[in-house]
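> structure for the following, please:
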Amino acid sequence: MTLPTPDLISALLAQPDDADHLMRDACAVLRHQPPAPAPADPDALRAGLARIAPLPDKGLDAVHQRLLDDAPAGAATDGIAALLRPAEMAFDEAQEIDWAVRHWEACRAAGQLDEDLAADFGEYWRRLEWSALRRHLVLLGQGHAQERRLLAYIVKTASRYVALAPLKRAMEARFPEFFELGFTLK
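From the prediction side, this is the model:
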């Protein structure tokens with residue numbers, strides 16, 4: 001099963017008030033029918049990184065390797081990452097975390113997580129974000145129609161983790177509009 005399914009995306013877009021119910025149901029299905037682990041595709045990741053900065057770049061090469069090294073550990077979070085951060089839409093981060101915590105607790109209770117993930121939601125969330133990052137880079141490299149949303153997801157994740165600092169710097173150089181801050185007093 002590929003998550004999120006086109007039917008789920010359509011339902012979420014058509015019935016945003018039912019998102020909580022729809023996502024909880026999708027999480028339950030995911031726990032009972034987890035996707036088969038798939039190895040990370042080095043070339044697809046590299047294509048996504050190349051859309052951000054010309055390669056080779058030592059910093060991005062290190063990020064590329066780190067994402068590949070982390071991929072087997074991320075297999076437990078690949079499905080939930082795809083569900084919570086689809087290219088077609090974005091959820092409020094507080095809602096993403098709520099769904100992720102509920103999913104983590106249910107998977108932990110069912111014995112579906114390794115010891116490290118079962119013991120630490122922070123590590124689970126990091127792996128989830130890195131799983132989503134791998135997916136977003138692959139989609140970006142394929143020229144996905146929702147490029148701006150994918151870039152926003154990539155910025156959000158790259159800005160959080162020291163190991164991804166070269167990716168953040170490359171994003172700042174190529175897409176500074178994602179980093180411009182401003183406010184108004186109304």
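
> residues contacting residue 114?
Residue 114 is in contact with residue 76, counting by C-beta atoms under 8 Å, 6 or more residues apart in numbering. For every residue, glycine as well, the C-beta is placed using N, CA and C.

> got the CA positions of stretch 27-47 in CSV?
C-alpha atoms of stretch 27-47 as CSV (Å, rounded to 0.1, in the frame of the first residue of the first chain):
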residue,chain,number,x,y,z
CYS,A,27,-2.9,5.4,11.1
ALA,A,28,-4.8,2.3,12.3
VAL,A,29,-4.6,0.8,8.8
LEU,A,30,-0.9,1.6,8.7
ARG,A,31,-0.3,-0.2,12.0
HIS,A,32,-2.0,-3.3,10.7
GLN,A,33,-0.6,-3.1,7.1
PRO,A,34,2.8,-1.4,7.3
PRO,A,35,4.5,-0.8,4.0
ALA,A,36,7.3,-3.2,3.1
PRO,A,37,10.7,-1.6,3.9
ALA,A,38,12.2,-0.2,0.7
PRO,A,39,15.9,0.8,0.4
ALA,A,40,16.7,4.4,-0.2
ASP,A,41,17.6,5.2,-3.8
PRO,A,42,20.9,7.0,-3.8
ASP,A,43,20.4,8.4,-7.3
ALA,A,44,16.9,9.7,-6.6
LEU,A,45,18.1,11.4,-3.4
ARG,A,46,21.0,12.9,-5.3
ALA,A,47,18.6,14.2,-8.0
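
> quick check: buried residues in it?
27, 29-31, 34, 40, 44-47 (16 or more other C-beta atoms under 10 Å).

> avg pLDDT for the helix or strand residue 78 falls within?
Using DSSP states H and E, residue 78 sits in helix 78-84. The average of the pLDDT scores along helix 78-84 is 94.

> pLDDT check: weakest of the buried residues of stretch 27-47?
residue 34 (84).

> counting by contacts, list what the helix or strand hosting residue 67 packs against.
Using DSSP H and E, residue 67 falls within helix 58-74. Under the contact definition 3 or more C-beta pairs under 8 Å, 6 or more residues apart in numbering; DSSP states H and E, helix 58-74 sits against helix 42-50, helix 121-141, helix 165-174.
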